[in-house]
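In: okay, predicted coordinates and the sequence, questions at the end:
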Amino acid sequence: EVQLQASGGGSVQVGGSLKLSCAVSGHSFDEYIIGWFRQTPGNEREGVSAISAVDDSTYYAASVKGRFTISIDNAQDTVYLQMNSLNPEDTAVYYCNAQKYGTTVNYWGQGTQVTVSS
């Protein structure tokens, strides 16, 4: 079973930056697509960004494109989400997810809170 450990959340002011980390363990890292999702109270979890450990292809939601960068460190089995130019709409609990490539098998890590204040 895959375990995911998310970290790096915190409180910043508008325009600030944070870098989230998702450490993956328990299985071969290179068979998964690792994604970041976020959720605010009363709303569904939404996809923010994802990266394939198979071919390094990436995905960004329109709301974060150009501000967030996802990257992968295969040696550390860790995926990072660099978040720049943060605004209050980015405030949410951020979760990382691992989906086995070509299947519906997926795992969730615990959330990390990101708060952006004006």
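Out: Everything's here; your move. These numbers were taken from a predicted model, which means no experiment stands behind them. Residues are numbered from 1 along each chain as shown.
In: any idea which residue is closest to the centre of the protein?
Out: Nearest to the mean C-alpha position of the chain, counting by C-alpha atoms, centre = their mean, stands Trp36 at 2.6 Å.
In: the closest residue to that residue other than its chain neighbours is in what secondary structure piece?
Out: Nearest residue to Trp36, sequence neighbours excluded (C-beta to C-beta, 6 or more residues apart in numbering): Val48, at 4.5 Å. Where C-beta positions appear, they are placed from N, C-alpha and C, glycine not excepted. Secondary structure from DSSP states H and E places Val48 in strand 46-52.
In: which residues sit against that strand?
Out: The set of residues external to strand 46-52 that reach it, using C-beta atoms under 8 Å, 6 or more residues apart in numbering, is 33-39, 57-61, 64, 68, 70-72, 79, 81, 94, 101.
In: report the buried residues of stretch 62-75.
Out: With burial defined by 16 or more other C-beta atoms under 10 Å, the residues of stretch 62-75 counted as buried are 64, 68-70, 72.
In: endpoints of it, how far apart?
Out: Stretch 62-75 has its terminal residues 30 Å apart, counting by C-alpha to C-alpha, to the nearest Å.
In: from the chain's centre, how far out does that stretch sit?
Out: Centroid separation between stretch 62-75 and its chain, computed with C-alpha atoms, centre = their mean, to the nearest Å, is 8 Å.
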